[in-house]
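Q: need a structure here:
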Amino acid sequence: MRSVEIISIESDFGAGKKGAKLGPQALIRLINKQNIKHISHANNKRIIADDLEENNTHPFNKNIESIYEVQQLAVSAIEQSLSKDLFPFILSGDHSNGCAGISAVKNFYSEKRIGVIWIDAHADLHSPFSTPSGNMHGMPLAAAL
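A: Reported below is the predicted structural model:
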């Protein structure tokens, strides 16, 4: 069995309300209380978006530049994890980051077909043309498709 590497993406640029970036560390605190032997606590990676600013210059895809920067960091971290034969366990409270996980796995396994199981209360299939809010939180699966 491969070891698991936790990658936390702490950003809430895609959500309409602040606070989504706090979720990953709350979950990691709970995970650390457990004795799970396949999870590498020493190699956990954190992607923290505190140094980036909101940029609502595009009303139908808010903060797209900041989200893109966060996702570039996430894709790189996930690909590095895969290259070390670790299983990247990605934690994020902002749904917009889901696109980074799908992109990284597809980049790494570029010659293979991949599958995605997307479980959510909403389909996250909006586009800049169908979104009622402009929040990228509702667009990651559409972007990945």
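Q: what residue is smack in the middle of the chain?
A: Among the residues of the chain, the smallest C-alpha distance to the mean C-alpha position (C-alpha atoms, centre = their mean) belongs to N97, namely 2.9 Å.
Q: In contact with it: list those residues for me.
A: Applying C-beta atoms under 8 Å, 6 or more residues apart in numbering, one finds that N97 lies in contact with I9, S11, G14, V70, Q71, A74, I90, P140. All C-beta spots, glycine's among them, are computed from the backbone N, C-alpha and C.
Q: and which of those is nearest to R46?
A: Lowest distance from R46 to the contacts of N97 (C-beta to C-beta) belongs to I9, with 8.5 Å.
Q: Now for the nearest residue to that closest one once chain neighbours are set aside: which residues touch it?
A: Nearest in space to I9, with sequence neighbours left out and distances taken as C-beta to C-beta, 6 or more residues apart in numbering, is S92 at 4.0 Å. Going by C-beta under 8 Å, 6+ apart, S92 touches S8, I9, E10, S11, A20, G23, P24, G98.
Q: neighbours around the fourth one, how many?
A: So that's S11. The burial count assigned to S11 is 29, neighbours taken as other C-beta atoms under 10 Å.
Q: That one and G23 touch, don't they?
A: No. Shown here, S11 and G23 do not form a contact pair, counting by C-beta atoms under 8 Å, at 10.6 Å.
Q: Work out for me the element the residue of the chain most remote from its centre sits within.
A: Summary for the chain: using C-alpha atoms, centre = their mean, the residue whose C-alpha lies farthest from the chain's mean C-alpha position is N35, with a distance of 24.9 Å. Element membership for N35 (DSSP states H and E) is empty, with no helix or strand holding it.
Q: residues contacting it?
A: Shown here is N35, which makes no contacts under the criterion C-beta under 8 Å, 6+ apart.
Q: quick one: contacts of stretch 54-66?
A: Applying C-beta under 8 Å, 6+ apart, the external contacts of stretch 54-66 come out as 11, 13-14, 49, 52-53, 128-129, 131, 134-136, 139.
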